[in-house]
Every structure is written in C-alpha cells, then in structure tokens.
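Participant: Just to be clear, the model below is a prediction. Sequence and coordinates:
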Amino acid sequence: MTSGSGDATTTDAATRREIHVSAAVITDAVGRLLLVRKAGTTAFMQPGGKPEVGESPAETLSRELDEEIGIRLDPAALEPLGRYEAHAANEPGFVVVADVFAADIGAQVPEIAAEIEELRWVSRADAASLEVAPLAATYFLPDA
C-alpha cells in the first residue's frame, strides 16, 4: 500500500493529537473529486468519518458514505489506497490519519444527508476558489 505523510509527522509522537478516519476518493466521468462540507465548517473534504467501536476502516467508510451522501457500497468493494496524514481542517492542532479508499459509485448519485451541508465535484483549478482540507488538497485533487 502507498502511504503519505504531511508536515505533521515531524511533531513529537508523544504529544501528537490524532484523529483517525476513513475517507473516500470518488471521481466523476471527467476526473473531478467529490468533496463535501459539513454543517458549521468552511473546508471541503472527502466524504468519510470516524470509526465506531469494532468497525474496520472499510466498514467505517461504507457506513459513512451511506449516512452522509446516500451512497451504498459493500466494504469489500472499496479499494484500499493506503494510510495518509495531514493537518486537520476543522480541528486546529490535530493531525488526520486517514485510511483512504477508492470508491466506484457506479450510477449512484450522491445527495446531501446527515451533517453534510454542501457537496461539489472539484478539480485542482476549481479548488483555487475553495477552502479544501489539507488531506484532499495534498494528495487527491486531480490536476485537471
């Protein structure tokens, strides 16, 4: 598996505050990345979230996709891309440690649900006018 690391990895491991999540890389037919913005926040990020007790990273993402954007995928259908780290967008002083999966949603259409206030299909050029979470901006935004 591929692994990425952001600037936060230079922080002393004993004092580092981490948030563990599962996140999706979902692209459309022209290669744009699906990003969401949660209510009460300003940064757009990949769909996903924190695990519940006993969940595997893939199970977490499968549940979160259903709750947040109405997409139903079997955890076994998610393609692991690796574990990535970046500064947290909405929690200053924290590092996001994300198990990231490619998710092929087929003909399903994402819709706003749960705590999601907005969703957008974004290219790197589009992101110039948006606040994009460091994880997505650093590793997953397409160049187009």
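Facilitator: Structure's in. What do you need?
Participant: Tell me where the chain has strands.
Facilitator: 2-3, 17-25, 33-38, 48-49, 79-87, 94-102, 116-122 (DSSP state E).
Participant: Of these, which is nearest residue 131?
Facilitator: strand 33-38 (8.6 Å; C-beta to C-beta). In short, each C-beta sits where N, CA and C put it, glycine included.
Participant: Count the residues that sit near residue 60.
Facilitator: Using other C-beta atoms under 10 Å, residue 60 has 22 other residues around it.
Participant: again, but for the one 4 residues further on
Facilitator: Neighbour count of residue 64, defined by other C-beta under 10 Å: 23.
Participant: Relative to residue 23, how far out is it?
Facilitator: Applying C-beta to C-beta, to the nearest Å, the value for residue 64 to residue 23 is 9 Å.
Participant: which neighbours do these two share?
Facilitator: 47, 48 (C-beta atoms under 8 Å, 6 or more residues apart in numbering).
Participant: For the nearest residue to residue 64 once chain neighbours are set aside, give me its contacts.
Facilitator: Nearest non-adjacent residue to residue 64, counting by C-beta to C-beta, 6 or more residues apart in numbering: residue 49, 4.1 Å away. By C-beta under 8 Å, 6+ apart, the contact set of residue 49 is 21, 22, 60, 64, 67, 68.
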